[in-house]
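1. okay, predicted coordinates and the sequence, questions at the end:
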Amino acid sequence: MEYKKELLNLKPNAVEVKRRNIMNKKYSTPSENANEVINNQNSNEMKEQSIVVATPNAAESNNAVATASVEQIKNETMGKSRTWRATINGEVRDIIIAFTDYNMELPKKKQDLFKLVDKENLLPVMYNLASPDVFWRENYILTDCEGYEIEKGTPNVYVLCPEPETNCRIFFDEVLEDVSIHTFESVQEWAKAVGTTNQLSLSFNKVKEVGVAAVAVGDEAAKEIFAFAKKNKVNNTIAEIFLDTRLTPQTVSKMMLGHKPKMELTLGRTPEMAQELYDQCCLTFGEGETKKRYVGRAISSILKQEKYSFDLVMEALKTIPASDVAYAKLMDCGAKEACIMGTLITWMIGLQRHDSVGMAA
């Protein structure tokens, strides 16, 4: 049936339209919706399911077929919420985890990482769950992990308190070893509790992620990126620009799981050259401007042309007049990166000509 096909094709966390509007399906009252499905079926399908002999008992037979179809739909769609095995007060139970509109949805990129996770590397976490009664009493909708509404009074239901440690882990763990059940007087009290807890939570920034990833796989180039970023108080992107390398977020994520990159990470410049270049850029353009990507990109683009040596670029950065630098920042040439490149190249050409004249003399 079309209803069954659509149900099977639903993606996880189709929270809004699918959970509330597909036939207004609820776990404890499927009969009315099931009859609507049957009445809207294709006539050929109905004939195939309810061919009967035209006898005085035909109407009764048709009703029996319809009732059987209702029960079939009921059996196929009810009680299918995913359950977790949880230890609660020393008792092992199968429970349904409920979600509110305030819980985090699982990003696709996190799902893709699940198959790469070694469970032995996971630290234990505590799952804070709330009794659902206060949510139902205040008419909040609770859904299961597939996005379907959970009917009021459904047993063994607990609401996940959204926290950084468990927002993603709940979709990976099948057994919840450490569980704490909380009963709140109101949903407002619940919101204050999860809000306060989240405000006092702190996850890795991008630089720390690179640092941990580097140690996790023993990658020396990644360690240099982290060291440069930490020393100069810049983000990892600026560090990568001056070290002339590239480390994608996807690669960092896999490295943090202990998986080495398929291609070895290399540095286009030594850490010493990168630091010398960065320091001079700070003197020429100002520290604040150098911490923006366009300065480093402009210098890197010039060096990659191979017509201008590192020493020549350094000399240009040291000798270019401040008025030329200020003018480059104000030039209407599109991107600032192009303005910086054009001004520096013009100055370097002048330096090369001066050197040529000096040598000729």
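-> Received the coordinates, thanks.
2. which strand is the longest one in this structure?
-> Using DSSP state E to define each element, the chain has its longest strand at strand 91-98.
3. and after that one, which helix or strand comes next?
-> Once the chain leaves strand 91-98, the next helix or strand it forms, by DSSP states H and E, is helix 108-114.
4. got the CA positions of that following helix in CSV?
-> The C-alpha atoms that make up helix 108-114 are tabulated as CSV, following Å, rounded to 0.1, in the frame of the first residue of the first chain:
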residue,chain,number,x,y,z
LYS,A,108,24.4,13.7,8.4
LYS,A,109,28.2,14.1,8.8
LYS,A,110,27.9,12.6,12.3
GLN,A,111,26.0,9.6,11.1
ASP,A,112,28.8,9.0,8.5
LEU,A,113,31.4,8.9,11.3
PHE,A,114,29.5,6.2,13.3
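5. show me the helices in the stretch 101-250 of the chain, by range?
-> For the stretch 101-250 of the chain, helices defined by DSSP state H, counting those that start in this stretch occupy the ranges 108-114, 133-137, 187-199, 206-217, 220-232, 236-243, 249-256.
6. elements contacting the last one?
-> Contacts defined by 3 or more CB pairs under 8 Å, 6 or more residues apart in numbering; DSSP states H and E place helix 249-256 against helix 108-114, helix 206-217. Placement of C-beta: from N, CA and C, glycine included.
7. swap the cut-off to 7 Å and go again
-> Using 3 or more CB pairs under 7 Å, 6 or more residues apart in numbering; DSSP states H and E, the elements in contact with helix 249-256 are helix 206-217.
8. just want the angle from the helix it packs on to helix 220-232.
-> Interaxial angle of helix 206-217 relative to helix 220-232 (axes from the mean of the first three to the mean of the last three CA atoms, to 10 degrees): 150 degrees.
9. now helix 206-217: buried residues?
-> By neighbour count with 16 or more other CB atoms under 10 Å, helix 206-217 contains the buried residues V207, E209, V210, G211, A213, A214, A216, V217.
10. quick one: the one residue sitting closest to the centre of the chain and K307, what's the gap?
-> When the chain is reduced to its mean C-alpha position, the closest residue under CA atoms, centre = their mean turns out to be P107, at 4.5 Å. For P107, the distance to K307 under the criterion CB to CB, to the nearest Å works out to 44 Å.
11. ditto for S180
-> Using CB to CB, one obtains 65 Å as the distance from S180 to K307.
12. avg pLDDT for the longest strand of the chain?
-> Mean per-residue pLDDT for strand 91-98: 95.
13. who does it touch, helix- and strand-wise?
-> Strand 91-98 makes packing contacts with strand 83-88, strand 157-160 when contacts are defined by 3+ CB pairs under 7 Å, 6+ apart.
14. if we go to 10 Å?
-> With contacts defined as 3 or more CB pairs under 10 Å, 6 or more residues apart in numbering; DSSP states H and E, the secondary structure elements packing on strand 91-98 are strand 83-88, strand 127-130, strand 157-160, strand 175-176, strand 179-182.
15. how about the ones you listed in TSV, adding mean pLDDT and mean neighbour count?
-> Rendered in TSV, the data for the helices and strands packed on strand 91-98 read as follows (pLDDT from 0 to 100; neighbours: other CB atoms under 10 Å):
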stretch	mean pLDDT	mean neighbour count
strand 83-88	94	17
strand 127-130	98	23
strand 157-160	98	23
strand 175-176	96	16
strand 179-182	96	14
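16. could you export these as TSV, including distance to H354?
-> As requested, the helices and strands packed on strand 91-98 are exported to TSV (distance: least, CB to CB, whole Å):
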stretch	distance to H354
strand 83-88	74
strand 127-130	70
strand 157-160	70
strand 175-176	73
strand 179-182	74
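17. tell me how many other residues surround D112.
-> Neighbour count for D112, taken as other CB atoms under 10 Å: 12.
18. check K223 too.
-> Neighbour count of K223, defined by other CB under 10 Å: 16.
19. next one: T245
-> Considering only other CB under 10 Å, T245 is surrounded by 18 other residues.
20. where does the stretch 251-361 of the chain have low pLDDT?
-> Residues of the stretch 251-361 of the chain that meet the criterion pLDDT under 70 lie in 332-334, 355-361.
21. all helices of it, in order?
-> Using DSSP H, counting those that start in this stretch, the helices found in the stretch 251-361 of the chain span residues 271-285, 287-290, 293-304, 310-319, 322-330, 336-360.
22. name the residues of stretch 253-266 that are buried.
-> By 16+ other CB under 10 Å, the buried positions in stretch 253-266 come out as S253, K254, M255, M256, H259, P261, L265.
23. no, scratch that, I was asking about stretch 275-287
-> Counting neighbours by 16+ other CB under 10 Å, stretch 275-287 gives Q275, L277, Y278, Q280, C281, C282, T284, F285 as buried.
24. list the contacts for the residue lying closest to the third one once chain neighbours are set aside?
-> Translated: Y278. With sequence-adjacent residues excluded and distances taken as CB to CB, 6 or more residues apart in numbering, Y278 is closest to F242, at 5.0 Å. The contact partners of F242, taken as CB atoms under 10 Å, 6 or more residues apart in numbering, are 225, 228-229, 232, 234, 267-269, 271, 273-278, 281, 290, 295-296, 299-300.
25. same thing but 7 Å
-> Residues counted as contacts of F242 (CB atoms under 7 Å, 6 or more residues apart in numbering) are F228, A274, L277, Y278, G296.
26. show the pLDDT at it.
-> Note for F242: predicted pLDDT of 98.
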